[in-house]
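**Student:** here is a sequence together with a model predicted from it:
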Amino acid sequence: MTIHADNLPWTESPFFEGELQESTLSAEDKAFVKDFSENGYAVFDPGLDLSLIDSLVGSMKPHFAKIDGEDKRLQDSWAYNECIRKVAVSDIVLHKLRILYRREPIPFQTLNFAVGTQQKTHSDMVHFNSIPHRFMCGVWVAFEDITENNGPLHYYPKSHKLPFYDMIDMGVKASDNISAKKALMAYAENYTSFIQEMIEALKLKKQTLTIKKGQAMIWSANLLHGGEMIHTPGASRYSQVTHYYFDNCIYYVPRLSDIAINKIYLNNLVNIRTGKKVVNSYFGKEVKPATKIQLQQSAIRMLSKISPLFPKEIVDRIKSVVVG
Ligand SMILES: O=C(O)CCC(=O)C(=O)O
(Lines give C-alpha, C1' and ligand atoms only; values in the text may rest on other atoms or scores of the structure.)
Protein backbone atom coordinates (compact mmCIF):
# COMPACT_ATOMS: atom_id res chain seq x y z
CA MET A 1 0.00 0.00 0.00
CA THR A 2 1.32 3.49 -0.81
CA ILE A 3 0.51 6.16 1.73
CA HIS A 4 0.55 9.64 0.22
CA ALA A 5 1.31 12.22 2.89
CA ASP A 6 -0.60 15.12 1.32
CA ASN A 7 -0.22 17.34 4.36
CA LEU A 8 3.55 17.60 4.11
CA PRO A 9 5.46 18.99 1.13
CA TRP A 10 6.31 15.78 -0.75
CA THR A 11 10.03 16.71 -0.78
CA GLU A 12 9.98 16.50 3.04
CA SER A 13 7.82 13.39 3.29
CA PRO A 14 9.16 10.03 4.52
CA PHE A 15 7.65 8.57 1.34
CA PHE A 16 9.49 10.92 -0.99
CA GLU A 17 11.80 8.38 -2.69
CA GLY A 18 8.91 6.08 -3.60
CA GLU A 19 6.76 8.99 -4.79
CA LEU A 20 9.61 10.32 -6.91
CA GLN A 21 9.98 6.96 -8.65
CA GLU A 22 6.23 6.84 -9.32
CA SER A 23 6.10 10.44 -10.58
CA THR A 24 5.79 11.28 -14.28
CA LEU A 25 8.24 14.20 -14.10
CA SER A 26 11.02 14.45 -16.68
CA ALA A 27 14.46 13.16 -15.65
CA GLU A 28 15.65 16.78 -15.39
CA ASP A 29 12.78 17.80 -13.10
CA LYS A 30 13.26 14.66 -11.01
CA ALA A 31 16.91 15.57 -10.44
CA PHE A 32 15.88 19.14 -9.52
CA VAL A 33 13.28 17.95 -7.00
CA LYS A 34 15.62 15.34 -5.50
CA ASP A 35 18.38 17.91 -5.03
CA PHE A 36 15.95 20.30 -3.32
CA SER A 37 14.66 17.49 -1.09
CA GLU A 38 18.20 16.52 -0.02
CA ASN A 39 19.75 19.98 0.40
CA GLY A 40 16.78 22.25 1.14
CA TYR A 41 17.60 24.69 -1.65
CA ALA A 42 18.00 24.90 -5.41
CA VAL A 43 19.87 27.42 -7.56
CA PHE A 44 18.28 28.01 -10.96
CA ASP A 45 17.77 30.44 -13.83
CA PRO A 46 14.34 32.09 -13.57
CA GLY A 47 14.66 33.31 -17.18
CA LEU A 48 14.20 36.99 -16.30
CA ASP A 49 14.87 39.60 -18.94
CA LEU A 50 17.96 41.54 -17.81
CA SER A 51 16.36 44.77 -19.07
CA LEU A 52 13.47 44.16 -16.61
CA ILE A 53 16.04 43.95 -13.80
CA ASP A 54 17.76 47.14 -14.96
CA SER A 55 14.44 49.04 -15.07
CA LEU A 56 13.51 47.68 -11.65
CA VAL A 57 16.79 48.74 -10.04
CA GLY A 58 16.72 52.16 -11.78
CA SER A 59 13.16 52.86 -10.63
CA MET A 60 13.87 51.80 -7.04
CA LYS A 61 17.05 53.86 -6.52
CA PRO A 62 15.15 57.06 -5.53
CA HIS A 63 13.12 55.01 -3.00
CA PHE A 64 16.24 53.49 -1.45
CA ALA A 65 17.84 56.93 -1.30
CA LYS A 66 15.08 58.08 1.06
CA ILE A 67 15.91 55.37 3.65
CA ASP A 68 18.02 56.56 6.59
CA GLY A 69 20.47 54.12 8.11
CA GLU A 70 22.30 51.05 6.90
CA ASP A 71 19.39 48.66 6.36
CA LYS A 72 18.36 49.53 2.80
CA ARG A 73 15.36 47.25 2.33
CA LEU A 74 11.89 47.96 1.01
CA GLN A 75 8.97 45.71 1.81
CA ASP A 76 6.05 45.03 -0.53
CA SER A 77 7.04 47.57 -3.16
CA TRP A 78 5.35 45.21 -5.67
CA ALA A 79 2.20 47.19 -4.85
CA TYR A 80 3.52 50.21 -6.80
CA ASN A 81 6.33 48.74 -8.92
CA GLU A 82 5.21 46.43 -11.73
CA CYS A 83 8.77 45.14 -12.36
CA ILE A 84 8.95 43.84 -8.78
CA ARG A 85 5.55 42.18 -9.21
CA LYS A 86 6.71 40.56 -12.47
CA VAL A 87 9.73 39.03 -10.72
CA ALA A 88 7.47 37.67 -7.95
CA VAL A 89 5.02 36.03 -10.39
CA SER A 90 7.53 34.92 -13.04
CA ASP A 91 6.27 31.87 -14.94
CA ILE A 92 9.45 29.84 -14.45
CA VAL A 93 9.50 30.49 -10.69
CA LEU A 94 5.82 29.52 -10.29
CA HIS A 95 6.37 26.41 -12.44
CA LYS A 96 9.33 25.27 -10.29
CA LEU A 97 7.35 25.88 -7.09
CA ARG A 98 4.37 23.86 -8.37
CA ILE A 99 6.73 20.95 -9.04
CA LEU A 100 8.40 21.24 -5.64
CA TYR A 101 5.24 21.67 -3.55
CA ARG A 102 2.42 20.15 -5.62
CA ARG A 103 0.18 23.03 -4.54
CA GLU A 104 -0.58 26.44 -5.99
CA PRO A 105 2.06 28.98 -4.86
CA ILE A 106 0.92 32.20 -3.18
CA PRO A 107 3.51 34.99 -3.50
CA PHE A 108 2.69 37.17 -0.48
CA GLN A 109 5.67 39.39 0.37
CA THR A 110 8.53 41.06 -1.48
CA LEU A 111 11.68 42.50 0.06
CA ASN A 112 14.02 44.53 -2.13
CA PHE A 113 17.57 45.17 -1.01
CA ALA A 114 20.08 47.78 -2.20
CA VAL A 115 22.90 46.43 0.00
CA GLY A 116 23.69 43.19 1.84
CA THR A 117 21.47 42.69 4.91
CA GLN A 118 24.16 41.11 7.15
CA GLN A 119 21.12 39.46 8.73
CA LYS A 120 21.76 36.84 11.42
CA THR A 121 21.14 33.20 10.53
CA HIS A 122 17.53 32.10 10.91
CA SER A 123 14.86 29.79 9.56
CA ASP A 124 11.94 31.57 7.87
CA MET A 125 9.57 29.22 9.68
CA VAL A 126 9.80 31.36 12.81
CA HIS A 127 8.36 34.28 10.83
CA PHE A 128 6.02 32.44 8.47
CA ASN A 129 4.66 29.02 9.20
CA SER A 130 1.67 27.18 7.85
CA ILE A 131 -0.66 24.49 9.13
CA PRO A 132 -0.01 21.95 7.67
CA HIS A 133 3.63 22.77 8.27
CA ARG A 134 6.40 23.79 5.86
CA PHE A 135 4.26 24.99 2.93
CA MET A 136 6.44 28.10 2.65
CA CYS A 137 9.60 29.05 0.80
CA GLY A 138 11.72 32.01 -0.27
CA VAL A 139 12.98 32.82 -3.76
CA TRP A 140 15.99 35.13 -3.84
CA VAL A 141 17.02 36.79 -7.12
CA ALA A 142 20.35 38.56 -7.75
CA PHE A 143 20.00 41.90 -9.55
CA GLU A 144 23.77 42.21 -9.95
CA ASP A 145 26.73 39.80 -9.76
CA ILE A 146 27.15 38.64 -6.17
CA THR A 147 30.67 38.19 -4.81
CA GLU A 148 32.17 37.26 -1.45
CA ASN A 149 32.62 41.00 -0.85
CA ASN A 150 29.18 42.56 -1.28
CA GLY A 151 27.42 40.62 1.49
CA PRO A 152 26.14 37.46 -0.21
CA LEU A 153 23.35 35.35 1.18
CA HIS A 154 24.65 32.45 3.28
CA TYR A 155 22.94 29.16 4.01
CA TYR A 156 23.49 25.79 5.65
CA PRO A 157 22.80 22.91 3.22
CA LYS A 158 20.54 20.16 4.65
CA SER A 159 19.66 22.25 7.74
CA HIS A 160 16.00 22.15 6.62
CA LYS A 161 15.99 18.59 8.00
CA LEU A 162 16.55 19.87 11.55
CA PRO A 163 13.53 20.16 13.83
CA PHE A 164 11.65 23.45 13.67
CA TYR A 165 12.66 25.47 16.75
CA ASP A 166 9.79 27.58 17.99
CA MET A 167 9.98 30.35 20.60
CA ILE A 168 9.01 27.94 23.38
CA ASP A 169 12.21 26.01 22.64
CA MET A 170 14.10 29.17 23.65
CA GLY A 171 12.02 29.49 26.81
CA VAL A 172 10.16 32.50 25.43
CA LYS A 173 6.44 33.22 25.69
CA ALA A 174 6.05 34.57 22.17
CA SER A 175 2.75 36.39 22.62
CA ASP A 176 4.09 38.67 25.42
CA ASN A 177 4.82 42.23 24.27
CA ILE A 178 3.80 41.71 20.68
CA SER A 179 4.11 45.37 19.76
CA ALA A 180 7.78 45.36 20.86
CA LYS A 181 8.52 42.11 19.06
CA LYS A 182 6.94 43.31 15.82
CA ALA A 183 9.88 45.67 15.36
CA LEU A 184 12.26 44.08 12.86
CA MET A 185 14.62 41.60 14.52
CA ALA A 186 13.38 42.42 18.02
CA TYR A 187 13.19 38.68 18.54
CA ALA A 188 16.93 38.50 17.85
CA GLU A 189 18.29 38.23 21.35
CA ASN A 190 16.75 34.86 22.14
CA TYR A 191 16.18 33.31 18.76
CA THR A 192 19.28 34.15 16.74
CA SER A 193 21.70 33.38 19.59
CA PHE A 194 20.01 29.99 20.06
CA ILE A 195 20.42 29.27 16.32
CA GLN A 196 24.06 30.39 16.34
CA GLU A 197 24.88 28.16 19.32
CA MET A 198 23.13 25.23 17.65
CA ILE A 199 25.13 25.75 14.43
CA GLU A 200 28.35 25.65 16.46
CA ALA A 201 27.26 22.62 18.51
CA LEU A 202 26.30 20.64 15.40
CA LYS A 203 29.30 21.96 13.42
CA LEU A 204 27.06 22.83 10.46
CA LYS A 205 28.88 23.91 7.30
CA LYS A 206 28.04 27.29 5.79
CA GLN A 207 27.95 28.14 2.08
CA THR A 208 27.64 31.50 0.38
CA LEU A 209 25.58 32.29 -2.69
CA THR A 210 27.90 33.93 -5.22
CA ILE A 211 25.66 33.91 -8.28
CA LYS A 212 25.43 36.04 -11.40
CA LYS A 213 22.91 38.78 -12.10
CA GLY A 214 19.54 37.22 -12.97
CA GLN A 215 20.19 33.89 -11.21
CA ALA A 216 18.02 32.75 -8.31
CA MET A 217 17.77 30.40 -5.36
CA ILE A 218 14.73 28.77 -3.75
CA TRP A 219 15.07 27.83 -0.09
CA SER A 220 12.67 25.68 1.84
CA ALA A 221 10.90 27.01 4.93
CA ASN A 222 13.30 25.60 7.53
CA LEU A 223 16.64 26.08 5.73
CA LEU A 224 18.97 28.16 7.92
CA HIS A 225 20.17 31.25 6.07
CA GLY A 226 21.18 34.88 6.55
CA GLY A 227 23.39 37.63 5.13
CA GLU A 228 27.23 37.62 5.12
CA MET A 229 29.35 40.57 6.20
CA ILE A 230 29.97 43.28 3.59
CA HIS A 231 33.73 43.33 2.98
CA THR A 232 33.71 46.18 0.46
CA PRO A 233 32.32 49.19 2.30
CA GLY A 234 29.64 50.95 0.30
CA ALA A 235 29.18 48.05 -2.16
CA SER A 236 25.67 47.65 -3.50
CA ARG A 237 23.91 44.27 -3.59
CA TYR A 238 20.67 44.82 -5.47
CA SER A 239 18.42 41.79 -5.01
CA GLN A 240 14.87 40.69 -4.25
CA VAL A 241 13.42 37.96 -2.09
CA THR A 242 9.82 36.93 -2.57
CA HIS A 243 8.17 34.82 0.11
CA TYR A 244 5.60 32.23 -0.95
CA TYR A 245 3.00 30.20 0.87
CA PHE A 246 0.96 27.45 -0.82
CA ASP A 247 -2.79 27.15 -0.99
CA ASN A 248 -5.15 25.43 1.43
CA CYS A 249 -3.31 26.19 4.68
CA ILE A 250 -3.54 28.34 7.78
CA TYR A 251 -0.79 31.00 7.73
CA TYR A 252 0.64 32.31 10.99
CA VAL A 253 3.64 33.94 12.70
CA PRO A 254 5.27 31.57 15.25
CA ARG A 255 7.49 34.25 16.78
CA LEU A 256 4.31 36.07 17.92
CA SER A 257 2.17 33.00 18.71
CA ASP A 258 1.64 30.64 21.65
CA ILE A 259 -0.64 28.01 20.18
CA ALA A 260 -0.72 26.06 23.45
CA ILE A 261 -2.71 28.87 25.08
CA ASN A 262 -4.85 29.59 22.03
CA LYS A 263 -2.87 32.59 20.87
CA ILE A 264 -2.20 32.35 17.17
CA TYR A 265 -1.06 35.41 15.24
CA LEU A 266 -2.49 35.02 11.77
CA ASN A 267 -0.98 36.62 8.69
CA ASN A 268 -3.24 39.08 6.94
CA LEU A 269 -2.05 38.63 3.38
CA VAL A 270 -2.73 39.53 -0.23
CA ASN A 271 -1.81 37.15 -3.06
CA ILE A 272 0.57 39.20 -5.23
CA ARG A 273 -0.46 37.20 -8.32
CA THR A 274 -4.22 37.67 -8.03
CA GLY A 275 -4.42 40.82 -5.88
CA LYS A 276 -6.95 38.97 -3.69
CA LYS A 277 -6.94 38.47 0.07
CA VAL A 278 -5.46 35.12 1.13
CA VAL A 279 -7.99 32.90 2.90
CA ASN A 280 -6.94 30.74 5.85
CA SER A 281 -8.10 27.26 5.11
CA TYR A 282 -8.10 23.93 6.96
CA PHE A 283 -8.89 20.70 5.09
CA GLY A 284 -10.38 22.78 2.28
CA LYS A 285 -12.70 24.89 4.44
CA GLU A 286 -12.23 28.53 5.32
CA VAL A 287 -11.49 29.05 9.00
CA LYS A 288 -11.67 32.22 11.00
CA PRO A 289 -10.18 31.18 14.32
CA ALA A 290 -11.53 33.50 17.03
CA THR A 291 -8.43 33.30 19.17
CA LYS A 292 -7.54 36.00 21.66
CA ILE A 293 -4.76 37.39 19.46
CA GLN A 294 -7.00 37.57 16.44
CA LEU A 295 -9.61 39.47 18.44
CA GLN A 296 -6.87 41.78 19.73
CA GLN A 297 -5.63 42.35 16.17
CA SER A 298 -9.09 43.41 14.96
CA ALA A 299 -9.75 45.51 18.08
CA ILE A 300 -6.44 47.37 17.53
CA ARG A 301 -7.31 47.93 13.84
CA MET A 302 -10.70 49.32 14.86
CA LEU A 303 -9.18 51.49 17.60
CA SER A 304 -6.67 53.06 15.24
CA LYS A 305 -9.54 54.01 12.91
CA ILE A 306 -11.54 55.79 15.66
CA SER A 307 -8.62 57.10 17.75
CA PRO A 308 -8.53 60.59 16.11
CA LEU A 309 -12.06 61.15 17.48
CA PHE A 310 -11.12 60.60 21.17
CA PRO A 311 -8.54 61.98 23.60
CA LYS A 312 -5.30 59.97 23.59
CA GLU A 313 -5.60 58.99 27.29
CA ILE A 314 -8.95 57.32 26.63
CA VAL A 315 -7.66 55.48 23.57
CA ASP A 316 -4.57 54.31 25.53
CA ARG A 317 -6.78 53.14 28.39
CA ILE A 318 -9.02 51.08 26.04
CA LYS A 319 -5.92 49.68 24.35
CA SER A 320 -4.45 48.54 27.65
CA VAL A 321 -7.72 46.74 28.53
CA VAL A 322 -7.99 45.07 25.12
CA VAL A 323 -4.35 44.08 24.72
CA GLY A 324 -3.65 43.41 28.40
O1 LIG B 1 19.24 38.79 1.56
C2 LIG B 1 19.73 38.53 2.65
O3 LIG B 1 20.88 38.89 2.96
C4 LIG B 1 18.94 37.77 3.70
C5 LIG B 1 17.48 37.63 3.35
C6 LIG B 1 16.77 36.80 4.35
O7 LIG B 1 17.35 36.27 5.25
C8 LIG B 1 15.32 36.56 4.26
O9 LIG B 1 14.66 37.15 3.41
O10 LIG B 1 14.79 35.75 5.05
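**Tutor:** That came through fine.
**Student:** quick one: mean pLDDT for stretch 147-158?
**Tutor:** Computed over stretch 147-158, the mean pLDDT rounds to 97.
**Student:** hmm, who's touching it?
**Tutor:** 38-41, 115-118, 121, 140, 144, 146, 199, 204-210, 217, 219, 223-232, 235-237, 239 (C-beta atoms under 8 Å, 6 or more residues apart in numbering). In this view, the C-beta of every residue, glycine as well, is placed from N, C-alpha and C.
**Student:** are any of those residues buried, and which?
**Tutor:** With neighbours counted by 16 or more other C-beta atoms under 10 Å, these contain buried members at 39-41, 115-117, 121, 140, 144, 146, 199, 204, 209-210, 217, 219, 223-228, 230, 236-237, 239.
**Student:** ok now do the spatially closest residue to Gly171 that is not a sequence neighbour, which residues does it touch?
**Tutor:** Residue nearest to Gly171 in three dimensions, not counting chain neighbours: Asn190, with 7.6 Å by C-beta to C-beta, 6 or more residues apart in numbering. Contacts for Asn190 (C-beta under 8 Å, 6+ apart) come out as Met167, Met170, Gly171, Val172.
**Student:** turn those residues into TSV, including pLDDT.
**Tutor:** As requested, those are exported to TSV (pLDDT from 0 to 100):
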residue	pLDDT
Met167	88
Met170	85
Gly171	86
Val172	83
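**Student:** now list the buried members of those.
**Tutor:** Applying 16+ other C-beta under 10 Å to these flags Met167, Met170, Val172 as buried.
**Student:** quick check: closest non-adjacent residue to the second one.
**Tutor:** Using C-beta to C-beta, 6+ apart and skipping residues adjacent in sequence, the residue nearest Met170 is Asn190, 4.4 Å away.
**Student:** hang on, the earlier thing: name the nearest of the buried ones among the contacts of Asn190 relative to Ile195.
**Tutor:** Within those, proximity to Ile195 (C-beta to C-beta) peaks at Met170, which comes in at 9.3 Å.
**Student:** and the gap between that closest one and the ligand?
**Tutor:** 18 Å (C-beta to the nearest ligand atom, to the nearest Å).
**Student:** Arg255 now?
**Tutor:** Arg255 sits 13 Å away from the ligand, going by C-beta to the nearest ligand atom.
**Student:** list phi and psi for that residue.
**Tutor:** Taking degrees, to the nearest 10, you get phi -70, psi -10 for the backbone angles of Arg255.
**Student:** burial of it, as a residue count?
**Tutor:** 24 (other C-beta atoms under 10 Å).
**Student:** do Gly234 as well
**Tutor:** Using other C-beta under 10 Å, Gly234 is surrounded by 7 other residues.
**Student:** for the residue of the chain found nearest the ligand, phi and psi?
**Tutor:** Nearest to the ligand in the chain, going by C-beta to the nearest ligand atom, is Gly227, at a distance of 2.8 Å. Backbone torsions for Gly227, taken as degrees, to the nearest 10, come to phi -120, psi 130.
**Student:** before we move on, back to that, the residue nearest to Gly171 in helix, strand or coil?
**Tutor:** helix (DSSP: H, G, I helix; E, B strand; the rest coil).
**Student:** so in the chain, where's the weakest helix or strand by average pLDDT?
**Tutor:** Among the helical and strand segments of the chain, the one scoring lowest on mean pLDDT, DSSP states H and E is helix 178-182, with a mean of 65.
**Student:** check whether the helix or strand where Ala201 lies contacts the ligand.
**Tutor:** Applying DSSP states H and E as the criterion places Ala201 in helix 188-202. No: with C-beta under 6 Å from any ligand atom as the criterion, the ligand is not reached by helix 188-202; the gap is at least 11.1 Å.
**Student:** among the contacts of stretch 147-158, which ones are in helices?
**Tutor:** Mapping those onto helices (DSSP state H) picks out Glu38, Asn39, Ile199.
**Student:** could I get the full set of strands for this structure?
**Tutor:** For the chain, applying DSSP state E gives strands covering 41-44, 73-75, 105-113, 129-131, 136-142, 153-155, 207-208, 216-220, 225-227, 239-246, 250-252, 281-282, 285-286.
**Student:** what does the stretch 151-300 of the chain have sitting close to the ligand?
**Tutor:** The stretch 151-300 of the chain comes close to the ligand at residues Leu153, His225, Gly226, Gly227, Val241, as judged by C-beta under 6 Å from any ligand atom.
**Student:** from those residues, which two are the most distant?
**Tutor:** Distance extremes for these: the farthest pair is Gly226 and Val241 at 12.0 Å, using C-beta to C-beta.
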